[in-house]
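# Dropping a prediction and its sequence here:
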Amino acid sequence: MTDLLAALGARTLRWLNALGHAGYFFVDLLRFSPAALRRFGLVVAQVHAIGNRSMVIIVASGLAVGFVLALQMYYALVRYGAAESLGLVVNLSLVRELGPVVTALLFAGRAGTSLTAEIGLMKAGEQLAAMELMAIDPRARVLAPRFIGGVVAMPILALLFSTIGIIGAWVVAVLLIGIDAGNFWSIQQSGVDIWRDVGNGIVKSAVFGVICTFVALYQGYETQATPEGVAYATTRTVVVSSLGVLGMDFILTALMFSTP
Amino acid sequence: MSKRGIETLVGLFVLLGILAVTFIALKAANLASFGARDGYVLQARFDNIGGLKVRAPVRSAGVVVGRVTSIRLDPKTFQGLVMMEVERDLQFPRDTSAKILTNGLLGDQYIGLEAGGDDKNLSAGDTVTQTQSAVVLENLISQFLFNKASDAGSPGAAPAPAPAPAAGPKK
Amino acid sequence: MNSDILIDIDHVTFGYDASRTILNDVSLSFRRGKVTAILGGSGCGKTTLLRLIGGVHPANRGRVVFDGETINAQDREQLYRLRRRLGMLFQFGALFTDLTVFENVAFPLREHTELSEQMIRDMVLMKLNAVGLRGAAQLRISEVSGGMARRIALARAIALDPELIMYDEPFAGLDPISMGVAANLIRKLNDSTGSTSLVVSHDVQECFSIVDYAYLMSSGGKVVAHGTPDQLRTSDDPEVRQFIRGEPDGPVRFHYPARPLAEDLDVPA
C-alpha cells in the first residue's frame, strides 16, 4: 500500500516539476519577445512559415465548414419557420466559436507539429547547443521569433476561416437554397456586434495562438534527441494543444458570452 | 525563397486578415449603424420590462435611434428603471411616450418612442414620463380566459373554476 | 597566473547525477598556441571535458580556468563573453540545416558584429577558402557530404578568429583522404592564426601526427598519462601501451564481467 502511495506521490511531484518547468519556459518566451521583435526580419520569416503555409488548409476547411453549417442549420431552422435567420446563426457560430476553435485545432495539427519537429530536430542535431557555444541564446534567436509568429498568425487565420465560412454559407444559402440575399446580410448586420462577437472571437484566437505555439515550442525543446523522441513530441503537441484550446474555449466563452 | 519574396507574402497575409475583418465589419456586423456618434441619456420607468435586454435598440417610427444602456430595479418605486442613450442630433418632445414593443411575433423586444406634441424637448438626464410596459403573455392569456368566462357564464352563476364539459349547463 | 597556459582544469570532479561520476578529480592544462589532444576510449569523459570548458555545465568540484578567469556556469554574461573567444567543432558539424553554406559561416559574423554585408561576404569567402570550400558557398546543407559538412563547421567555428578552437572527434567516420585533409587543416590553422587547439579523439595515429602534447584518459574519468607523442609512444605504462597499440586485451578488459564460460554452458569445468 505504501508503495502505491509513494509511487503516486512521486508521480504528482514529477508532474508539478514539469508544470513548473513549462512555466519557466513560458516566462522565458515572453522575456525574449521584445528582443525578437527588434529582429523583425526573423519574425516576418516565421509568420510566413507558420501563417502563409497554413492558408491552404484553413481556406479549404473554412469553405467546407461554411457549406455544411449552412445546410445543417437550414434543416434545423426551417422546421420553426425561422429559415431567414440562417445568416445570423451561421455568422455567430463561425465568428464566436468555430472560427477560433477549428482554426486552432488545424493550426495545432499543421503548424504545431511542424514547429515541434523543427525544434526537436535542431536539438537532436546539436544546432541549439552549437548556437549556445557561439554565445547566441537560442531562446532569443530561434524560439521567441517563432512564438511571436504563431501568436500573430493565429487571429489572422481565424478571421480568414470565419470570412471564407460566411461566404461559403452564402453560396449554399442564397445561390443553392434560395434564401433572399438581402435578408441574409441584413439579419447579420443587425444581430452581430463588432466588439462583442467579432472582437471577442479575435481575443479568443489570440489566446489559442499563445497556447498552441507555446505547447509546440515546449514539446520540441524538451524532446529526447532521438527519432522516437521527436515522433512522441509531435503527437503530444497535437493532444495537449487541442485539450488546452478546448478547455480554454469553455472558460473564455463563459466569461465573454454568459450574459446575452 | 528570397527575403523580399517572403516579406511580400507576409504582407499579403496580413492584408488578407485586415480585409477579412473589414468585410465582416461592414457586411456582417453592425458597425455601419450607431457607431461613433454621441448620444444623450434618457431614463424611463416601467411596471414590467418583459424581455427587454441591455443593448436592445431604441426605435422611433421603426428607425433605430439609440440603445438601452442599463436596466435596474428602482428600490423606491419597485419599477424597472431603464437608461437609454439616444442620438445627439435628435430631440424628442417632453410628452414623448416610451413603449416596450416586440419585433415580430416572438422576436426581441425594443423600446419604441412615439413623439408627442409638446413645445419643450427632453434634455440629457430627463425622464420619459409616459410609459407602457411590456405585454406579458401569461397576463394576456389569463385576461382572455377571464373575458371568455364572464361572457359565457350568466350574471348569477359564479364562474366555474374548473369547467366540466360533460356537466353541461347546470340549473 | 601562468600566461603560458590558456585553459587550466584544476582537480575537477563532475557527474550529471549523483550516481555516475564522469570525471574524477582530473587536472589538465592546455598551453597557448599549441595543439593538444585528449585521447581515450568511449565514455571516458572527453566530450564532457569540452562541455565544461564551454561552461555548459558547472563542475561539481574543482575549477575550470580560462585565461586566468574561473568559469562560473551560472554567470551568463561571463559565459557569453568567454564563448565569443572560442569556436567549437561538433562531431557531426551541427550546421544550421535551414541555411546555405554561406549563411552558416556568416551566422556568427552577423550575430556578433555590425560589419557591412560586403565585408561579411569577403570574410566568409576567405574562411571557406581556408577550408577549401569556397566554390560550395551556395549549396544547401542537405547537399553536402559528411566530410564537407565538418569543414564547413570548421569555417564557421573560426569565423570570428577565436583564441581557442575545440574539436570533438574530428576524424571519426572519415575516409583516409578526408582524415588527412582534416588533420592538415587543424595544424595549419593553429600555426597560421596562433590560436590554441584542443582535439578530442580516439584516433591515435592521426592525432600523433599533428599534436604537440596529449592526455590519455581512462573510463573511470581519470588521466592515465600525458606527454608529447614521443613520450607516450615509448611509455612503459600497460594502459598506455594497450591504447597506443590498439591491443584488444590488457588493462582494459575485453570481456564484459560474467560468470565462467563453463558455468554458462552447463559443462563440467
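All right, it came through fine.
# which stretches of the chain form helices?
Using chain A here. A:2-38, A:40-50, A:55-78, A:86-92, A:99-107, A:113-124, A:127-133, A:138, A:144-170, A:181-191, A:200-221, A:227-257 (DSSP state H).
# I was after chain B.
Listed in chain order, the helices of chain B (DSSP H) span B:3-27, B:137-152.
# Relative to the whole chain's centre, how far out is the longest one?
Here the centre of mass of C-alpha atoms in helix B:3-27, compared against the chain's by Cα atoms, centre = their mean, to the nearest Å, lies 38 Å away.
# Mind giving me the packing neighbours of it?
Packing contacts for helix B:3-27, counted by 3 or more Cβ pairs under 8 Å, 6 or more residues apart in numbering or on different chains; DSSP states H and E, involve helix A:40-50, helix A:144-170, helix A:181-191. Yep, even glycine has a C-beta here, placed from its N, CA and C like the rest.
# Please indicate which of the ones you listed has the most neighbours on average?
helix A:144-170 (a mean of 26; mean count of other Cβ atoms under 10 Å in any protein chain shown).
# need the least confident one among the helices of chain A, by mean pLDDT.
Set side by side, the helices of chain A give their lowest mean pLDDT on helix A:181-191, at a mean of 84.
# what stretches of chain C score poorly on pLDDT?
When residues are selected by pLDDT under 70, those of chain C lie in C:1-2, C:269.
# Get me the contact residues on the stretch 1-150 of chain A for chain B.
Neighbours of chain B within the stretch 1-150 of chain A, by Cβ under 8 Å from any Cβ of the partner chain: A:41, A:44-45, A:47-48, A:51-52, A:55, A:87, A:91, A:95.
# Can you name the residue of chain B nearest chain A?
residue B:17 (3.4 Å; Cβ to the nearest Cβ).
# show me what contacts residue A:10?
Listed by Cβ atoms under 8 Å, 6 or more residues apart in numbering or on different chains, residue A:10 has no contact partners.
# let me redo that: residue C:84
Neighbour list for residue C:84: A:135, C:112, C:160, C:162 [criterion: Cβ under 8 Å, 6+ apart].
# Near the residue of chain B closest to chain A, how many other residues are there?
Neighbour count for residue B:17, taken as other Cβ atoms under 10 Å in any protein chain shown: 21.
# Could you do residue C:57 as well?
Residues lying near residue C:57 (other Cβ under 10 Å) number 15.
# if you skip the residues just before and after it, what's nearest to residue 210?
Let's take chain A. Leaving aside its sequence neighbours, residue A:210 sits nearest to residue A:151 (Cβ to Cβ, 6 or more residues apart in numbering or on different chains; 5.6 Å).
# My question was about chain C, not that one.
residue C:187 (4.4 Å).
# by contact count, what packs against the helix or strand that neighbour falls within?
Using DSSP states H and E, residue C:187 maps to helix C:176-193. With contacts taken as 3+ Cβ pairs under 8 Å, 6+ apart, helix C:176-193 sits against strand C:35-40, helix C:146-157, strand C:164-168, strand C:196-201, helix C:204-210.
# Tell me which of the helices of chain B is the most buried.
helix B:3-27 (a mean of 16).
# now residue B:17, nearest residue through space, not along the chain?
Using Cβ to Cβ, 6+ apart, the nearest residue to residue B:17 is residue A:156, at 3.4 Å.
# For the one you found, list the residues it contacts.
Counting by Cβ under 8 Å, 6+ apart, residue A:156 makes contact with A:51, B:13-14, B:16-17, B:20.
# could you pull out the helices for the stretch 1-150 of chain C?
Using DSSP state H, counting those that start in this stretch, the helices of the stretch 1-150 of chain C run over residues C:46-53, C:76-83, C:101-112, C:117-130, C:146-157.
# so who does residue 29 touch?
Going with chain A. A:139, A:143-144, A:147, A:214, A:217.
# could you do chain C instead?
Residue C:29 touches C:5, C:7-9, counting by Cβ under 8 Å, 6+ apart.
# can you rerun that using 10 Å?
C:2, C:4-10, C:36, C:65, C:213, C:215, C:226 (Cβ atoms under 10 Å, 6 or more residues apart in numbering or on different chains).
# pretty sure the residue of chain B closest to chain A is touching residue A:103, no?
No: under the criterion of Cβ atoms under 10 Å, residue B:17 makes no contact with residue A:103, lying 11.9 Å away.
# got any residues that touch both of these two?
Each of A:153, A:155-160 lies in contact with both residue B:17 and residue A:103 under the rule Cβ under 10 Å, 6+ apart.
# Check what pLDDT the residue sitting nearest the centre point of chain B gets.
Nearest to the geometric centre of chain B sits residue B:110, at 1.4 Å (Cα atoms, centre = their mean). Residue B:110 is assigned a predicted lDDT (pLDDT) of 88.
# who's it bridged to?
Taking DSSP bridges, one obtains residue B:101 as the residues bridged to residue B:110.
# who touches it in this structure?
Residue B:110 sits in contact with B:52-53, B:56-59, B:62, B:64, B:67-68, B:99-103, where contact means Cβ under 10 Å, 6+ apart.
# Residue C:265: which of those is nearest?
Lowest distance from residue C:265 to those (Cβ to Cβ) belongs to residue B:53, with 89.3 Å.
# burial measure for residue C:15, as a count.
Neighbour tally, residue C:15, other Cβ under 10 Å: 16.
# do the same with residue B:79
Residue B:79 - counted by other Cβ under 10 Å - has 17 other residues nearby.
# returning to what we had before: which one of the helices and strands packed on helix B:3-27 lies closest to residue C:69?
Using Cβ to Cβ, those put helix A:144-170 closest to residue C:69, at 29.5 Å.
# Quick one: distance of that closest one to the chain centre.
Here the centre of helix A:144-170 is set off from its chain's centre by 9 Å, with Cα atoms, centre = their mean.
# Name the nearest residue to residue A:246, sequence neighbours excluded.
residue A:101 is the one closest to residue A:246 (Cβ to Cβ, 6+ apart), at 7.3 Å.
# go on, residue C:147?
Nearest residue to residue C:147, sequence neighbours excluded (Cβ to Cβ, 6+ apart): residue C:178, at 3.8 Å.
# and what of residue C:21?
Closest to residue C:21 by Cβ to Cβ, 6+ apart is residue C:15, at 4.0 Å.
# gap between the one you found and residue B:77?
For residue C:15, the distance to residue B:77 equals 81 Å [Cβ to Cβ, to the nearest Å].
# could I have stretch C:139-153 exported to CSV, CA atoms only?
Coordinates of each C-alpha in stretch C:139-153 appear next as CSV, following Å, rounded to 0.1, in the frame of the first residue of the first chain:
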residue,chain,number,x,y,z
LEU,C,139,25.0,24.8,-51.7
ARG,C,140,22.3,23.8,-49.2
ILE,C,141,23.4,21.8,-46.2
SER,C,142,21.4,18.8,-47.3
GLU,C,143,23.5,18.7,-50.5
VAL,C,144,26.9,18.4,-48.8
SER,C,145,28.8,15.2,-47.7
GLY,C,146,29.8,14.4,-44.2
GLY,C,147,33.4,15.4,-44.7
MET,C,148,32.4,18.6,-46.3
ALA,C,149,30.0,19.3,-43.5
ARG,C,150,32.8,19.2,-41.0
ARG,C,151,34.9,21.5,-43.0
ILE,C,152,32.1,24.0,-43.2
ALA,C,153,31.5,23.7,-39.5
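# Report the buried residues of that stretch.
Across stretch C:139-153, burial judged by 16 or more other Cβ atoms under 10 Å in any protein chain shown covers C:141, C:144, C:147-153.
# Write out the residues of the stretch 1-150 of chain A neighbouring chain C.
A:39, A:45, A:49, A:118, A:121-122, A:125-137, A:141-142 (Cβ under 10 Å from any Cβ of the partner chain).
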